[in-house]
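# Fold the stuff below for me.
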Amino acid sequence: MDYDYQSIQHSFLWHRIREGGVILLAAIGIFLCITLLTFHATDPGWLSSGVSSATVQNAGGRVGAWCADVLFGLLGYFAYTVPLFVFYAAYRLYRDLRTPFDPPLFLLRVAGGVIALLSGSALLALFIIPAHSTLPQGSGGILGTLIGKGVTSAFNLTGATVLLIAAFLIAITLYSGVSWIRLSLGFKALSAHGARALRDLLQLQTARLGSFRADRLLKREQAKQEKLARKSARKEQKTSD
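Numbers count the residues shown, from 1 in each chain. Predicted coordinates for the structure are as follows:
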């Protein structure tokens, strides 16, 4: 039997590269979680005021401080979702270890992730008052503020909200492959199943309560009959004496 050793070696190498990519993406996601959660405005960074600060309070060091400052500066509070996107990319890469690489699909997912981040940050910029934000560039960051203002100037607040929500949902579909229609149908089926289960439970509890009340009434009636029987027995005994 003839073997194509070159293709076997290529496949083996490609799988090892993908496995390394999974580990690398997971490490990047954990690092970003740490840097974002330990962000301090006094740390040296791209947009922060602590450029000349000698001490770095971020757990990721100077690199972590810069990464957190850039993400918060560009995306605002929506930067907290960046590790989730990275973790999902690691999951997809792990799940598709033995599937051939599809460049168009890869680019489509990257575009979906970018659009989701931009539209999400724009929604935060529209609905979180800047005065309530602790970030120097606002709740939506520089990109979210620019996109939010641009879309609002063209479609007003209501139209911009609808458009950005639609863009976010479409982008999540492109990135993750989730079907909102199937999700809504599944939620509807789950709600119907839960309603049926709750109805059956209520019917069962009602039947048990009715049976319990009937048993109590029966026991009371039996006790009453026994009491009357004892009284009549005592009266007969007195008359016989």
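
# Can you give me the pLDDT of the residue most central in space within the chain?
Centroid-nearest residue in the chain, with Cα atoms, centre = their mean: Leu84, separated by 9.1 Å. On the pLDDT scale, Leu84 is placed at 96.

# in the chain, which spans are helices?
All helices of the chain, identified by DSSP state H, fall at 5-37, 61-75, 82-95, 103-127, 141-176, 180-240.

# where in the protein is pLDDT low?
Along the chain, the parts satisfying pLDDT under 70 run over 1-10, 48-54, 130-133, 238, 240-241.

# quick revisit: pick the most deeply packed of the helices of the chain.
Of all the helices of the chain, helix 61-75 has the most neighbours on average by mean count of other Cβ atoms under 10 Å, namely a mean of 21. All C-beta atoms are positioned from the backbone trio N, CA, C, and that covers glycine.

# Against Arg199, how distant is the nearest residue to Asp43 once chain neighbours are set aside?
Leaving aside its sequence neighbours, Asp43 sits nearest to Ala65 (Cβ to Cβ, 6 or more residues apart in numbering; 3.8 Å). To Arg199, Ala65 is 56 Å away according to Cβ to Cβ, to the nearest Å.

# before we move on, back to that, residues in contact with the residue nearest to the centre of the chain?
Contact analysis of Leu84 by Cβ atoms under 8 Å, 6 or more residues apart in numbering lists Gly29.

# how near is it to Leu32?
Separation of Leu84 from Leu32 (Cβ to Cβ): 10 Å.
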